[in-house]
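J.: Build the 3D model from these lines:
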Amino acid sequence: MSPVVIILVSDGSRCLLARQPSFPQGMYTALSGFCDIGEAVEETARREVAEEVGLEVESLWYSASQHWPFPSSCLMIACHALVRGQQLEISMNSLELEEARWFGLEEVMEGLKREPKSAKQDNGNFLPWFPPKQAIAHQLINEWVKQQTS
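T.: Predicted structure coming up:
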């Protein structure tokens, strides 16, 4: 079993969500990546954030874990990461991601309510929506919302 680390990145007031080209239109989620052999979860989280969006993690904390059956049996380890305030410009790795951007609290709260079918606008564009409730990414996003509203 290869562990996967899924990381919700925040700058303190916004969270960073991304999408891969293979995702359904409009869906954004937390960053993720497989642990390299001999690599600690914390090292994987810092490496993946740096590789995928060019940001440096200042602090990191564990949230939860979940079995993930795709593409093979994996254990997903969910973490929250806070990035350094001076370095907030995203430098996206376009080989891995189609888009990565910062989301404010209001936009995240709206996206959590939105169903994929209702995300398509009349002009053909898609409003952002997030993974379903059973996904650990959804849990990370909900935890971030609760932290912002407490």
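J.: Now do the strands in the chain.
T.: Secondary structure of the chain (DSSP state E): strands at 2-10, 15-19, 31-34, 57-68, 74-83, 99-103.
J.: got a list of what the residue most central in space within the chain touches?
T.: By Cα atoms, centre = their mean, the mean C-alpha position of the chain lies nearest to residue 30, the distance being 0.7 Å. Residues near residue 30 by Cβ atoms under 8 Å, 6 or more residues apart in numbering: 6, 7, 8, 9, 17, 18, 78, 137, 140, 141. The way it works is simple: take the backbone N, C-alpha and C, and place the C-beta from them, glycine included.
J.: quick one: which of those residues is nearest to residue 104?
T.: The nearest member of the contacts of residue 30 to residue 104, counting by Cβ to Cβ, is residue 17 at 11.3 Å.
J.: The nearest residue to the closest one once chain neighbours are set aside: how many residues sit nearby?
T.: Sequence neighbours aside, residue 28 is the residue nearest to residue 17 in space, at 3.8 Å (criterion: Cβ to Cβ, 6 or more residues apart in numbering). Neighbour count of residue 28, defined by other Cβ atoms under 10 Å: 24.
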